[in-house]
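Engineer: A predicted structure for the sequence below; I have some questions about it.
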Amino acid sequence: MAVLKGYTYILPTSSPFEALDEIKIALLLEDIGIVPLHLNDRVNLWLSGKRVRKPAEICPYSRAVKCDPLFNPNCHNEEKRNTLCKFPHVVYLAAFRNKLKVGTAVKGREILRVYEQGARAFSILTVTQNYPRAVMLERMVSKTYDEIRERPRITYSDVIVHNTDEIIHLRDKLNQVTKRIALDLGLNDWLRARILY
């Protein structure tokens, strides 16, 4: 019998525009590792009644104050085989009705991130080797370009778009900004904006 330590996601990496159904959840089991779950799998969990809390650790690279290894098995700890900080990360631009923001996501999860935020279109500036590089680039873009903000306050009215023409205009604007930033920074792997309905 294995002890359940937490859960994680198995992320597709073949393309920046992966289908959402290709993101699979998996259990993290002690002494066994990551075990993928499939649709309709049954899991028999036996609870001991004992709750062990591992203290959250400070992550030197994260903007968040704490990194909880239980919730995030791919933590920054060096002794872990695969760490979140060492995964390739995507730096993207997301467009809302009247705001543009820059963000980062693990490669393969960026489309899920922008869906969660309620963006109408997004483009990819570049794919970086790791999380620290992505964060440095994200901060540089948000500080250098006035029209881009790192973490703007998104309101309900920002995600409401009234017609298709408005979305097309938003995509064209995002394409212009993405191309300009990519050329300024010498990024040659940028991708044009994609509309999210």
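Structural biologist: Here it is on my side, so go on. Residues are numbered from 1 along each chain as shown.
Engineer: tell me the domain ranges of the chain?
Structural biologist: Domain assignment of the chain by automatic domain parsing yields the ranges 1-41, 52-86, 87-195.
Engineer: Which residues are in contact with Tyr145?
Structural biologist: Val177, Ile181 (Cβ atoms under 8 Å, 6 or more residues apart in numbering). All C-beta spots, glycine's among them, are computed from the backbone N, C-alpha and C.
Engineer: now do 10 Å
Structural biologist: Leu93, Leu100, Val102, Val177, Arg180, Ile181, Asp184 (Cβ atoms under 10 Å, 6 or more residues apart in numbering).
Engineer: from those, which is closest to Asp158?
Structural biologist: Checking these against Asp158 with Cβ to Cβ, the nearest one is Leu100 at 10.7 Å.
Engineer: May I ask you to confirm that the closest one is in contact with Pro152?
Structural biologist: Yes: the criterion here is Cβ atoms under 10 Å, and Leu100 meets it with Pro152 at 8.3 Å.
Engineer: okay, and the common contacts of those two?
Structural biologist: Counting by Cβ under 10 Å, 6+ apart, the contacts common to Leu100 and Pro152 are Ala94.
Engineer: okay, the two: which has more neighbours?
Structural biologist: Neighbour comparison, Leu100 and Pro152: the larger count goes to Leu100, with 22 against 16 (by other Cβ atoms under 10 Å).
Engineer: Kindly state the beta-bridge partners for the more buried one.
Structural biologist: Here Leu100 sits in beta bridges with Ala95, Ile148, as judged by DSSP bridges.
Engineer: Could you identify the helix or strand that succeeds the helix or strand that contains Lys5?
Structural biologist: Using DSSP states H and E, Lys5 maps to strand 4-10. Downstream of strand 4-10, the next assigned helix or strand under DSSP H and E is strand 24-29.
Engineer: Packing partners of that following strand?
Structural biologist: Counting contacts by 3 or more Cβ pairs under 10 Å, 6 or more residues apart in numbering; DSSP states H and E, strand 24-29 packs against strand 4-10, strand 33-36.
Engineer: mean pLDDT lowest for which of those strands?
Structural biologist: Ranked by mean pLDDT, the helices and strands packed on strand 24-29 end with strand 4-10 in last place, scoring a mean of 66.
Engineer: Show me where this structure dips below the pLDDT cut-off.
Structural biologist: Applying pLDDT under 70 to the chain flags residues 1, 6-24, 39, 46-86, 197.
Engineer: Need phi/psi at Tyr92.
Structural biologist: phi -130, psi 160 (degrees, to the nearest 10).
Engineer: circling back to that earlier point, kindly reformat the contacts of Tyr145 as TSV containing distance to Leu29.
Structural biologist: Below are the contacts of Tyr145 laid out as TSV (distance: Cβ to Cβ, whole Å):
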residue	distance to Leu29
Leu93	38
Leu100	42
Val102	37
Val177	45
Arg180	48
Ile181	43
Asp184	46
